[in-house]
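Peer 1: have a look; sequence and predicted model below, questions after that.
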There are 2 protein chains.
Amino acid sequence: YLYIRVMVNVPKSYLILFSTGAYTASQGINCIREDVASYIERRDGGVPADPDNIYLTTGASDGISSILKILVSGGGKSRTGVMIPIPQYPLYSALISELDAIQVNYYLDEENCWSLNVNELRRSLNEAKAYCNPKVLCIINPGNPTGQVQSRKCIEDVIHFAWEEKLFLLADEVYQDNVYSEGCQFHSFKKILYEMGPEYSNNVELASFHSTSKGYMGECGYRGGYMEVLNLHPDIKGQLVKLLSVRLCPPVSGQAAMDIVVNPPVPGEESYSQFIKEKESVLNNLAKKAKLAEDMFNKVPGVHCNPLQGALYAFPRIFMPSKAIEEAKAHKMAPDMFYCMKLLEETGICVVPGSGFGQREGTYHFRMTILPQIDKLKILLEKMKDFHIKFLEKYA
Amino acid sequence: YLYIRVMVNVPKSYLILFSTGAYTASQGINCIREDVASYIERRDGGVPADPDNIYLTTGASDGISSILKILVSGGGKSRTGVMIPIPQYPLYSALISELDAIQVNYYLDEENCWSLNVNELRRSLNEAKAYCNPKVLCIINPGNPTGQVQSRKCIEDVIHFAWEEKLFLLADEVYQDNVYSEGCQFHSFKKILYEMGPEYSNNVELASFHSTSKGYMGECGYRGGYMEVLNLHPDIKGQLVKLLSVRLCPPVSGQAAMDIVVNPPVPGEESYSQFIKEKESVLNNLAKKAKLAEDMFNKVPGVHCNPLQGALYAFPRIFMPSKAIEEAKAHKMAPDMFYCMKLLEETGICVVPGSGFGQREGTYHFRMTILPQIDKLKILLEKMKDFHIKFLEKYA
């Protein structure tokens, strides 16, 4: 897709405005930040976006890392607490550990399709106040590894909670184009924040993230991404640019890729129909595979899989016989790690144990992508079913 | 150059081996790490290089940042001290501050063409031992901003010192292709380490860095780079890969650019003569401009400029009248910042004050690149001369 766009459809202005071989401004190329701002405005039905609040990054990871670096401070009981969902994408736990901050867990509700409950946020925050200074609340929507898509109501509750508790919101929205379930829709935190009125939109500090790596593009090797910040104090923005400038600038080809993502072909352009065809084909296939994975996992005894409302993963729960848990412990392995290693050895299929993402004590999961072609995914899911049934028999 | 190489001369294997749009291994693409190792072996006259010790990075800055993250630890008096040259490239002071490590200054000898003296290293180390745990010694060769090229003898002395004091050596060698002065030659720390015998080559811990951003390529927007590590404990290497994997992988186009740099066209290949012509033209021009800048600065009263033996900068010393220093202080500016601002206002020429790089108390400098075309550089230097003479008159 990128190549077609670059070759066939690139606006002439690009060729004038930058060279991929030269450094750019540390915050990213101006005209690309303007394009990102326009994209956000279109996406959010006209809610204004300021290019000055946009920072181009080396993938979303780099943006999340930079903003956390700016937010984390203190020692002892005043060390910064960073609230993250459990299960989480391990970038968060790794950065929190790198920055010597405190990881504050809030649990997603597996019984309610991995939804986020504000009561759980409150429990988590209140407990954390005893041993750290919780300042940051991270949200992943659509979820990774859990694939839930947050409702408008849920997002409003979270924003109200952040406003009440003066928490800095990090909204990881890299899967915003990957929504499959009927009745589910992506709502950006930025948009809802504005719609809740000026008391919120002038006060709640927010950083949201997007990337070229997911969606229907999947151009992850370019390391393109952006973050948009809101209500960040001008001095802090100065510090942020200083921090980013230490590493000079994001890769220019990644910046260009981000620009292409926020500037898809429009009706009347030569590549428009081809683009729509490819985009819809990719997203429809992912939606089919999301349903297929959910259905097939739920047919296996001892496996439960929530609907894959969005993102690119299934995160089924596996009920492990106590004999298997004992054997795992004898091997000094987490039970789901033991399960995944056995799966790998016996079928060649590689999935990631839930213990790498975090999960409620005594529950076991694994994460699997839905990226393989549909025929291959079917075979793969059949093999996993057979493996699981044999596994249950062996450790019954 | 990159484009020509990619279009005309790219080995077919590349097209098979990787896509620029997909994630790669966190350490970088295997076959590129093999190419880098071969390049190092050729450069160092056959000294072996192991692809397993090569890490592809997002520019050299990213490699330096990652290795420092691994090396820094402790609190209070056991905080890690990192020895850096003064003047230094500000990446180092910024990373040390980011990591909450201790900056330990050693001063380059301006009277001896910014050379490094081991007695000064020893003074610096011994003083630092009173308040921190100095573990890392950073060397920039050829120097930035100072442009000196270290002699073989100097490198041997530094390696012996690091061996004696069990210091981890960081060799920032991104200007290795930029050596201009007659009698000067680039020697890699890795090569000298091996030539000093197994007592050194089996014990001294070393990380050295290279980049696509300098040399005759100047392809800095790709954010391509590599580091080679030596004598790093296998467990630490495991931790390093874990750390790198948090950010997934370096940009693939930057990895590809690095591959092209370490695989220049060879005799017999279609683009060889064009490549040699362009490379020599770029390097010969830089050498001319290095000499021109030195000569012209030294003709200005109250300016002294050491020979630009290598790298891309002049770093002349300016002798400022005491009245100018007083006026700077009245404006709450470093005197050389005041000078640079006046230069900018009166001529439109933008150079960086020495206080941004560090300098001996009471001395003043600025850094200027020698990148402008030779005709423009001449005009620029003439303007700076006129400005300086007027400045001296004004504050006499």
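Peer 2: The structure has been received and is ready for your questions.
Peer 1: isn't there a strand covering A:Asn105?
Peer 2: Yes: A:Asn105 forms part of a strand when assessed by DSSP: H, G, I helix; E, B strand; the rest coil.
Peer 1: would you agree it is in contact with A:Ile84?
Peer 2: Yes: if you go by CB atoms under 8 Å, A:Asn105 and A:Ile84 touch, sitting 6.6 Å apart. The way it works is simple: take the backbone N, C-alpha and C, and place the C-beta from them, glycine included.
Peer 1: got the residues of the stretch 151-300 of chain A near chain B?
Peer 2: Within the stretch 151-300 of chain A, the residues that sit near chain B (CB under 8 Å from any CB of the partner chain) are A:218-223, A:243, A:246-254.
Peer 1: picking up where we left off before, of A:Asn105 and A:Ile84, who's got more company?
Peer 2: Of the pair A:Asn105 and A:Ile84, A:Ile84 is the one with more neighbours under other CB atoms under 10 Å in any protein chain shown, namely 25 against 17.
Peer 1: where does that one land in three-state SS?
Peer 2: Assigned by three-state DSSP, the conformation of A:Ile84 is strand.
Peer 1: and A:Gly81, by the same measure?
Peer 2: strand.
Peer 1: give me the neighbour count for it.
Peer 2: The local packing of A:Gly81 (other CB under 10 Å) involves 24 other residues.
Peer 1: what sits against it?
Peer 2: Applying CB atoms under 8 Å, 6 or more residues apart in numbering or on different chains, we find A:Gly81 in contact with A:Ala101, A:Ile102, A:Gln103, A:Val104, A:Ala128, A:Cys132, A:Asn133, A:Pro134, A:Lys135, A:Val136.
Peer 1: A:Asn141 now?
Peer 2: A:Gln148, A:Val149, A:Gln150, A:Ile155, A:Ala171, A:Asp172, A:Glu173, A:Tyr175, A:Phe186, A:Phe189.
Peer 1: returning to what we had before: most neighbours, which of the residues of the stretch 151-300 of chain A next to chain B?
Peer 2: A:Gly254 (35 neighbours).
Peer 1: mind splitting chain A into its structural domains?
Peer 2: Taking automatic domain parsing as the criterion, chain A consists of the domains A:2-262, A:277-394.
Peer 1: rebuild those as TSV, extending it with mean pLDDT and distance to B:Ala293.
Peer 2: Output for those, formatted as TSV (pLDDT from 0 to 100; distance: least, CB to CB, whole Å):
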stretch	mean pLDDT	distance to B:Ala293
domain A:2-262	91	22
domain A:277-394	95	53
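Peer 1: strands of the stretch 101-250 of chain A, residue ranges please.
Peer 2: If DSSP state E, counting those that start in this stretch is used as the criterion, the strands of the stretch 101-250 of chain A fall at A:102-107, A:133-140, A:168-172, A:206-211, A:224-230.
Peer 1: so which of the domains of chain A comes closest to B:Leu308?
Peer 2: For B:Leu308, the closest of the domains of chain A is domain A:2-262, at 21.4 Å, according to CB to CB.
Peer 1: what's the closest of the residues of the stretch 151-300 of chain A next to chain B to A:Cys113?
Peer 2: Nearest to A:Cys113 among these, with distances taken as CB to CB, is A:Gly218, at 25.3 Å.
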